[in-house]
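[1] Generate coordinates for the sequence data below:
(one chain, ligands or ions: 2)
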Amino acid sequence: MNTSIVAIVGRPNVGKSTLFNRLVQRRDAIVDSVSGVTRDRHYGKSDWNGKEFSVIDTGGYAIGSDDIFEEEIRKQVELALEEADLIVFVVDVEQGITPMDTEVAKLLRKVKKPIFLVVNKVDNAMRENDALEFFNLGLGEYYTISSINGSGTGELLDAMAIKMPEPEETDLESEELPRFAIVGRPNAGKSSFINALIGKDRNIVTDIAGTTRDSIDTKYNRFGFDFNLVDTAGIRKKSKVKEDLEFYSVMRAVRTIEYSDVIVLMVDASRGFESQDQNIFWLAEKNKKGVVILINKWDLVEKETNTMRDYEAAVRKEIAPFTDVPIIFTSVLTKQRIFKAIETAVAVFESRKKRIPTSKLNDTMLEIIQQNPPPAIKGKYVKIKYCMQLPTPTPQFAFFANLPQYVKDPYKRFLENKLRDIFDFNGVPIIIYFRQK
Ligand SMILES: Nc1nc2c(ncn2[C@@H]2O[C@H](COP(=O)(O)OP(=O)(O)OP(=O)(O)O)[C@@H](O)[C@H]2O)c(=O)[nH]1
Ligand SMILES: Nc1nc2c(ncn2[C@@H]2O[C@H](COP(=O)(O)OP(=O)(O)OP(=O)(O)O)[C@@H](O)[C@H]2O)c(=O)[nH]1
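    Numbers count the residues shown, from 1 in each chain. Ligands and ions are numbered 1, 2, ... in the order given. Next up is the predicted model:
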């Protein structure tokens, strides 16, 4: 997949979030129709002129008091420069050039990646003149926009799309090896897990230097399974940045997740499922990846007070409504369930590309729908006529009905759960559409 990562940088209050919302709006409208998907304010996917891209709003991650504020922003800009493909630098025409803008511009001038200087809050023609001063930042051409009313954003997107790579033809028929990413918080046991997989004999078959930018696939053959572990430059380059910077872990995770089929999310059992785990999980869902959760270091957990069942229930609560994701309790130290972890990841990979024949799907689902029809709304009855799985890389289903707009989320969730139960889509995001017929 050839998705560009766009980072929005700039000092506080220039309108980064407002622009972010503009950029991801269209795609989010579709995603939101999916039952129960929560929104992240800082990460979204979108497309323009056929080019797909991710947008990261760096602003939301700024933390801390005023004196470390500038330092934080500088770090975030540096990270964005390292990890993103395109940089959108937002400035505010009402404020003019501030010292912090000059600082950011200085960092940006050293960078080889495409940079879009965006002068925001140009709500009327008069302000076009005020924007002229931003030439002084030494970044060349700029784009004037009004994030609030949307003017200028089309031109900006056109220009950005030109700098994005052409979409690749996805070859659905080819028998590709599963691509697994092992992700998680620092110290969760990722390296140990990978070492355990590789074994002492380092059973690496090949190192395929990424066809896609700097991502690296390492091919493994273990326990009778063939798979690629996806690693990216971002992950290797541990860099100077503080580990606990949330933004850092998100940046690192984004690219790895986008290149993988199944995300193996490692959680440190002694710490529990934390907000960063939640973030990574959510990124995986948003990208429609398969997920397996490993509760690692299970050997450290006091079994008298923590049963597996209670622990699992607590994690499931955190990841609702994606409740059927496989959760496996591992100890890399004692090699407990390592094999099971990989076996499960392979199973999720298989489910994710599963195709249900239309006749089988209709036989099963129409029967269920007949027994539990959608509730009538204002005296109108919804009649679902047939359904099919769409020819998409990940499972998506269309249900055709006379009044699709009357089918509400709870009923969609009901159907989704039935599909999951019957056809075994554990750990796989599925999408349901209702269409007019
Ligand atoms: N007039 C005008 N106001 C805008 C425009 N875009 C954003 N704003 C306003 O500017 C303020 C800051 O916008 P945000 O999008 O929250 O700015 P931000 O850069 O994300 O701020 P942080 O989250 O603090 O980093 C809000 O009050 C917006 O309504 C615009 O195009 N025109
Ligand atoms: N008790 C116990 N310790 C473990 C287990 N798995 C890993 N560890 C220990 O946890 C520590 C961190 O393991 P790593 O494999 O380096 O963790 P990581 O996720 O790769 O960490 P980063 O490289 O910082 O992202 C090491 O001291 C491991 O020996 C486990 O199952 N049980």
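
[2] Residues contacting stretch 419-428, please?
    Residues lying outside stretch 419-428 but in contact with it, judged by CB atoms under 8 Å, 6 or more residues apart in numbering, are 262, 290-292, 324-326, 344, 347-348, 351-352, 354, 356, 364-365, 394-395, 397, 430, 432. For glycine as for every other residue, the C-beta is placed from the backbone atoms N, C-alpha and C.

[3] Over it, what's the mean pLDDT, rounded is fine.
    Confidence over stretch 419-428 (mean pLDDT, whole number) is 92.

[4] Numbering from 410 from now on, please.
    Sure, I'll start numbering at 410, so the last one becomes stretch 828-837.

[5] which among the contacts of stretch 828-837 end up buried?
    Neighbour-count burial within the contacts of stretch 828-837 applies to 671, 699-701, 733-735, 753, 756-757, 760-761, 765, 773-774, 803-804, 806, 839, 841; the criterion is 16 or more other CB atoms under 10 Å.

[6] Could you give me the buried positions within stretch 676-696?
    When neighbours are counted by 16+ other CB under 10 Å, the buried residues of stretch 676-696 are found to be 676-678, 682, 685-686, 688-696.

[7] Is ligand 2 within reach of it?
    No - contact of stretch 676-696 with ligand 2 (CB under 6 Å from any ligand atom) is absent, the minimum separation being 7.7 Å.

[8] got the phi/psi numbers for the residue nearest the centre of the chain?
    With distances taken as CA atoms, centre = their mean, the chain has Leu692 as the residue nearest its mean C-alpha position (3.0 Å). For Leu692, the backbone dihedrals (degrees, to the nearest 10) come out as phi -60, psi -40.

[9] Any regions of the chain where pLDDT drops low?
    410-411, 435-451, 468-479, 481-482, 485, 576-584, 607-627, 631-632, 640-661 (pLDDT under 70).

[10] Now do the helices in it.
    425-441, 475-492, 508-518, 534-540, 562-571, 599-607, 642-645, 655-667, 684-695, 717-728, 747-761, 767-780, 818-832 (DSSP state H).

[11] what helices or strands is the third one leaning on?
    The criterion is 3 or more CB pairs under 8 Å, 6 or more residues apart in numbering; DSSP states H and E, and the helices and strands that helix 508-518 contacts are helix 475-492, strand 495-501.

[12] just the CA coordinates of the last one, formatted as PDB?
    As requested, C-alpha coordinates have been extracted for strand 495-501 and formatted as PDB (Å, rounded to 0.1, in the frame of the first residue of the first chain):
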ATOM      1  CA  LEU A 495       4.700  15.700   3.500                       C
ATOM      2  CA  ILE A 496       4.700  18.500   6.000                       C
ATOM      3  CA  VAL A 497       2.000  21.100   6.300                       C
ATOM      4  CA  PHE A 498       3.300  24.100   8.200                       C
ATOM      5  CA  VAL A 499       0.400  26.300   9.400                       C
ATOM      6  CA  VAL A 500       0.700  30.000  10.300                       C
ATOM      7  CA  ASP A 501      -1.900  32.500  11.200                       C
END
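
[13] what's the angle between that strand and helix 562-571?
    Counting by axes from the mean of the first three to the mean of the last three CA atoms, to 10 degrees, strand 495-501 lies at 150 degrees to helix 562-571.

[14] Now do strand 495-501 and helix 508-518, the angle between them.
    With the same axes, to 10 degrees defining the directions, strand 495-501 sits at 160 degrees from helix 508-518.

[15] Strand 495-501 pairs with which strands, and in what direction?
    Here strand 495-501 has these sheet partners by DSSP bridges: strand 413-418 (parallel), strand 524-529 (parallel).

[16] Spell out which residues of the protein are next to ligand 1.
    419, 421-427, 468-469, 529-530, 532, 555-557.

[17] swap the cut-off to 8 Å and go again
    419-430, 466, 468-469, 471, 499, 501, 503, 529-532, 554-558 (CB under 8 Å from any ligand atom).

[18] For the protein, which residues are neighbours of ligand 2?
    That would be 593-604, 647, 652, 675, 677, 705-709, 739-743, 745, which are the residues of the chain within reach of ligand 2 (CB under 8 Å from any ligand atom).

[19] Select only the buried ones of the residues you listed in PyMOL?
    Restricted to the buried members of the residues of the chain next to ligand 2, where burial is judged by 16+ other CB under 10 Å, the PyMOL selection command reads as follows:
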select buried, resi 593+594+597+598+599+601+602+603+675+677+705+706+707+739+740+741+745
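
[20] quick one on the thing from earlier: any chance of the strands paired with strand 495-501 in TSV, plus mean neighbour count?
    TSV is the format used below for the strands paired with strand 495-501 (neighbours: other CB atoms under 10 Å):
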stretch	mean neighbour count
strand 413-418	24
strand 524-529	23
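
[21] got a list of what Met797 touches?
    Counting by CB under 8 Å, 6+ apart, Met797 makes contact with 767, 770-771, 806-807.

[22] Please check the residues you listed and keep the buried ones.
    When burial is judged by neighbour count using 16+ other CB under 10 Å, the buried members of these are 770-771, 806-807.

[23] Of the residues you listed, which is the nearest to ligand 2?
    Proximity of the buried ones among the contacts of Met797 to ligand 2 was ranked by CB to the nearest ligand atom; the top entry is Phe806 with 36.2 Å.

[24] Right, I'll leave it there.
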